[in-house]
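Peer 1: structure, please.
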Amino acid sequence: MQPSAILKTSAHTPVMEVLKQLAETRTAEIIAWMDARRMESGAPFYSSVDVRHAGYKIAPVDTNLFPAGFNQLSAAACARAATRIKARLTRYGEMKRILLIPENHTRNTGYIDNLTALIGILRDAGCEVELGSLAATDAPIEVVNSKGETLREMPLMRDGSLLKTASAFCPQLIVLNNDLTSGLPELLRGVAQPIVPRPSLGWHRRRKSIYFEAYEKLAREFAIAFGLDPWLLSTEQHKCGRVNFSERQGLECVAMGVEKVLHKIRAHYARYGITDEPYVYVKSDSGTYGMGIMTVKSGDEVMEVNKKARNKMSVIKEGVQSTEVIIQEGVPTIDVVEGAPAEPMLYLVDGHAVGGAYRVNDARDAQNNLNATGMRFVGMCDEGEAGKVAMPECKFGALGLIAELASLAAQREEYGESYSI
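Peer 2: You can find the predicted model right below:
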């Protein structure tokens, strides 16, 4: 079925208006459809989704299963998060003692503020919370947030199959806020207590290419069910493995992949009368923090990339080598906050959007990756609140819909034996 038969739209038809109209006319159907998928596959304990909104389309460009940034949420969003966590924990039984395991780079004040907010949300959900660090050995690690408050991360130890802290705190549930980029620690193997999210979903094993394949299938199901063109909600992509940017190995595959994706984008643009010049992101197939990403408009740019850029593409978080990349359709953002390009970040608990913020970067343009040096965060318009962003209307509903699809897709990632740990 051609897009014109599905949805009468063009480059001048705002996708937000389409989604708003859909939500207003078929609310009960959308809720039932989403609930059925949650029942079928479950939903991540928590997650965050980076969304790009180009006006004519809106799509997720990254989904993090070990999200930071809870300190950016409004008070109402934090309250919704606590309510969702409480409901989820009720399904597990009486789980009140929570061990929260953070990232190892906890001297970052912004990240410590995130931990403070996350602890507050868990406590508001009725939990007793203790921090336990994979980096602490003989003594607790003390970190200070932006308000001058001290958080103590306790050393961890094993008592048979039980994981405890050095203070003898024995949790009923372990919540990871560490994406395990450098691998699964021996300390977490064979632990009796449930761990959420599953350690096997850490970046030592997870791949963006597999995730986006799962998302594309789910978005297509939704689009067909509700009369939309799937491309309006998703991006084209292509994977290349066995790449070494430093040694210039595998760059031909990347260059060919770039041209393949650009060809597909041009076909979509032609159907919708979009006159923008297409571009793609070349990014590491694993990892986060905006590392290992570059923006290109042709395969030739890949072959001509300089040594400095190649070195940046070779290493991701914690010095891990990047040997696989995906080429992903670039979605230019039309969102502007305080005069700078911005992209929404939605936060979810149990597959439900609870709030968000905008990533803003004065040093970048509408096409670039905004998760880079110079970025800052601004609170998002919130239901029932004025928010910090001067927007003509709150878009949380439409953004939340895309984020919930993106979060659910993470439950559908399928890994073969080659990705086992």
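Peer 1: just the C-alphas of stretch 79-90, formatted as PDB.
Peer 2: Once side chains and other backbone atoms are set aside, the C-alpha atoms of stretch 79-90 remain, and they are given as PDB (Å, rounded to 0.1, in the frame of the first residue of the first chain):
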ATOM      1  CA  ALA A  79       5.800  11.000  41.200                       C
ATOM      2  CA  ARG A  80       4.500   9.100  38.200                       C
ATOM      3  CA  ALA A  81       7.800   7.100  38.000                       C
ATOM      4  CA  ALA A  82       7.400   6.200  41.700                       C
ATOM      5  CA  THR A  83       3.800   5.100  41.100                       C
ATOM      6  CA  ARG A  84       4.800   2.900  38.200                       C
ATOM      7  CA  ILE A  85       7.700   1.300  40.100                       C
ATOM      8  CA  LYS A  86       5.500   0.600  43.000                       C
ATOM      9  CA  ALA A  87       3.000  -1.200  40.700                       C
ATOM     10  CA  ARG A  88       5.700  -3.200  39.100                       C
ATOM     11  CA  LEU A  89       7.200  -4.300  42.400                       C
ATOM     12  CA  THR A  90       3.800  -5.400  43.600                       C
END
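Peer 1: ok, and what's touching that stretch?
Peer 2: Contacting residues not belonging to stretch 79-90 are listed as 45-46, 70, 73, 95-96, 121-122, 124-127, 173, 347, 349-350, 352, 354-355 [Cβ atoms under 8 Å, 6 or more residues apart in numbering]. Every C-beta, even on glycine, is put in place using the N, C-alpha and C of the backbone.
Peer 1: which of the residues you listed fall within helices?
Peer 2: 121, 122, 124 (DSSP state H).
Peer 1: which one of those residues is nearest residue 197?
Peer 2: Out of the ones in helices among the contacts of stretch 79-90, the one with the shortest distance to residue 197 is residue 122. That distance is 14.8 Å, counting by Cβ to Cβ.
Peer 1: just give me the neighbour total for that closest one.
Peer 2: The criterion is other Cβ atoms under 10 Å. On that basis, residue 122 has 21 neighbouring residues.
Peer 1: skipping its backbone neighbours, what lies nearest it in space?
Peer 2: The shortest distance from residue 122 to any residue that is not its chain neighbour, by Cβ to Cβ, 6 or more residues apart in numbering, is 4.8 Å, and that residue is residue 129.
Peer 1: do residue 30 as well
Peer 2: Setting aside the residues directly before and after it, residue 30 is nearest to residue 23 in space (Cβ to Cβ, 6+ apart), at 6.6 Å.
Peer 1: swap in residue 303?
Peer 2: The nearest residue in space to residue 303 (Cβ to Cβ, 6+ apart) is residue 255, at 5.4 Å.
Peer 1: can you give me the buried ones in the helix or strand containing the one you found?
Peer 2: Residue 255 is part of helix 251-272, with elements assigned from DSSP states H and E. When neighbours are counted by 16 or more other Cβ atoms under 10 Å, the buried residues of helix 251-272 are found to be 251, 253-255, 257-262, 264-265, 268-269, 272.
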